[in-house]
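> Kindly generate the corresponding structure for this input.
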Amino acid sequence: MTTYKLMEMGIMSKIKSYIIAFIILPTFTSLLYNCSANNAPYYTQGGYYISTVNYSFDLVHNAVVSAVENDQTYTGATYKLDVDKSDGKYAIVRGINPNGDNNDYVEVEVSKKSANQTQLNIKYNNNGDALRSSALLEIIKDNLKQEDKNLK
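Numbers count the residues shown, from 1 in each chain. Next up is the predicted model:
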């Protein structure tokens, strides 16, 4: 190989390293951060996906019932509302698979934190499914925005 070829290969290697270090890695990191962040902070505990939303308890409870009734099971059927109990400060909403699969259910606990702040604990199945829970949270938030528009 000529000296020119060796020099050209070294420069190309450095350019590739710079592209990876200064363009691709920051872009990937930013994309990863944006995918995991949303307007409501969340965390998981005991299989529950937990988040707080800035809406009243009653609005959140109604949005949860609507979301659970329209959510799809792993087999594509809609959940059958099994439990909907509320005392005005705490509610539990549970949807079960209508085909008898006891391992396919969604459970949402709704807790009043203050007049305009409500905590949601979302759990799919026994161990929890954070991906499905985060998707249901977004559906609930969309329902809340729609209900909020209807009240105005």
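
> For the top strand by length along the chain, which outside residues touch it?
The residue-count maximum for a strand in the chain (DSSP state E) belongs to strand 105-114. The set of residues external to strand 105-114 that reach it, using C-beta atoms under 8 Å, 6 or more residues apart in numbering, is 48, 52, 57, 60-61, 64, 67-68, 71, 79, 82-83, 86, 88-97, 118-125, 132, 136. For the C-beta atoms, the positions are set from N, CA and C on the backbone; glycine is no exception.

> cutoff 6 Å now
For strand 105-114, contacts defined as C-beta atoms under 6 Å, 6 or more residues apart in numbering pick out 57, 60-61, 64, 68, 89-96, 118-119, 121-124.

> Run through this structure and note the low-pLDDT ranges.
Along the chain, the parts satisfying pLDDT under 70 run over 1-43, 73, 152.

> In it, which residue is most central in space?
The structure's the chain has its C-alpha centroid closest to Ser134; by C-alpha atoms, centre = their mean the separation is 1.3 Å.

> how is the protein carved up into domains?
Structural domains annotated on the chain: 1-37, 42-151, as defined by automatic domain parsing.

> so of those domains, which one's packed in deepest?
The highest mean neighbour count among these, using mean count of other C-beta atoms under 10 Å, belongs to domain 42-151: a mean of 17.

> Checking Gly128 next. Helix, strand or coil?
Applying DSSP: H, G, I helix; E, B strand; the rest coil to Gly128 yields a three-state assignment of coil.

> That's all I had, so thanks and see you.
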